[in-house]
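Student: Kindly return the folded structure for what I paste below:
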Amino acid sequence: MDKVICPNCGASIYENEPACPFCGFINMEGAEDKFMRDVQKKEEELTQIPQLQKQDLKKSMSKSSKIIIITVLIAATILAVLFGLHYAFEAMLFSEDNYDAKTEMLWERENYPVLDKMYEERDWEGLLKFEEELYEINDKEGTNHTIYNWEHSDFLYAYRRFENVKYYVSILDSGESLSKFQAENIVYYCMWFHYRMYVNDYQTFTEEEVAMVDEYREYTDEVFYNRLKFTDIEADELYGKAEEYHSIDAKTCYSYARKIRKRFE
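Tutor: You can find the predicted model right below:
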């Protein structure tokens, strides 16, 4: 007996089965074949009953046959419409995804060489400015371009945190107070540098980048102990609460920073 593939679930079924035993999808050829076999069986049974009963039974079968055929046709039509809508929706969805992926790939091919050139020239400020302007362009044009796939994006992430710490210190040096957001971040960033999470969090740093960020760590450690007035014991206790899967939970650091904020204002 030959087999066919169910168009609904992809299962292999016998061609004479009226419906897929796995998903219930109607197999038109199998359903029609079963219907004809049932009719033939009933006709054979008719020869064994009186003529009058035979006529009544034929009428009943004729009505039943029409109902079955109409039901099968209606079900087949509904299924065809549903599958049509399903595949049309999938085609539209994947078409949009493919378009977005292609657009992003073309954008990266055009802009990543620009980032590479700035990186080679050690133009860290230029890289930060590029990223800031990119956010503005995305907001203005409704795009979603990122530099996350750029090979040095994690290093830029660390450099941005280092620059933020220096900026927060300049605010304190001017005699002003940090905002809640700034106070939370300076504690979190100093913790992040102190425990060298740029080594634990990411695996994409080159040896040269790790060496550069270790130099940033010397500055942030000075801030950590002198400006924020942390002790080794206090830092280790906070780390014990915030450490999570070889990373530091920012929210835990933020909560602690709010408690000690007045200490370094």
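
Student: Quick one: mean pLDDT for stretch 161-179?
Tutor: The predicted model assigns stretch 161-179 a mean pLDDT of 96.

Student: Show me which positions of that stretch end up buried.
Tutor: Under the neighbour-count criterion of 16 or more other C-beta atoms under 10 Å, stretch 161-179 has 161-162, 165, 168-169, 172, 178 buried. Yep, even glycine has a C-beta here, placed from its N, CA and C like the rest.

Student: which residues are contacting it?
Tutor: Stretch 161-179 is contacted by residues 128, 182, 185-186, 189-190, 192-193, 213, 216, 219-220, 223, 227, 261, 264-265 when judged by C-beta atoms under 8 Å, 6 or more residues apart in numbering.

Student: and Arg122, which of the three is it?
Tutor: Judged by DSSP: H, G, I helix; E, B strand; the rest coil, the three-state class of Arg122 is coil.

Student: Look up phi and psi at it.
Tutor: phi 60, psi 30 (degrees, to the nearest 10).

Student: show me the residues around it that make contact.
Tutor: Contacts of Arg122 (C-beta under 8 Å, 6+ apart): none.

Student: nearest spatial neighbour of Tyr256, skipping sequence neighbours?
Tutor: Using C-beta to C-beta, 6 or more residues apart in numbering and skipping residues adjacent in sequence, the residue nearest Tyr256 is Leu238, 5.6 Å away.

Student: State the next helix or strand along the chain beyond the host helix or strand of that neighbour.
Tutor: Per DSSP states H and E: Leu238 is located in helix 232-242. Remark: after helix 232-242, the chain's next helix or strand is strand 243-244, criterion DSSP H and E.

Student: Contacts for that next one, please.
Tutor: Asp249.

Student: List the pairing partners of it within its sheet, with orientation.
Tutor: strand 247-248 (antiparallel) (DSSP bridges).

Student: Look up how far Ser255 lies from the residue nearest to Tyr256.
Tutor: Distance from Leu238 to Ser255, counting by C-beta to C-beta, to the nearest Å: 10 Å.

Student: more neighbours, the two?
Tutor: Remark: of Leu238 and Ser255, Leu238 carries more neighbours, 20 against 15, as counted by other C-beta atoms under 10 Å.

Student: wait, isn't the more buried one in contact with Tyr254?
Tutor: No: using C-beta atoms under 8 Å, Leu238 is not in contact with Tyr254; the gap is 11.3 Å.

Student: Weed out the non-buried ones from the contacts of stretch 161-179.
Tutor: 182, 185-186, 189-190, 192-193, 213, 216, 220, 223, 227, 261, 264.

Student: Now do the contacts for Tyr225.
Tutor: Here Tyr225 is in contact with Thr231 (criterion: C-beta under 8 Å, 6+ apart).

Student: Which one of the buried residues of stretch 161-179 is nearest to Leu106?
Tutor: Ranked by distance to Leu106 (C-beta to C-beta), these are led by Arg161 at 30.5 Å.

Student: Just say helix, strand or coil for the closest one.
Tutor: helix.

Student: Lovely, talk soon.
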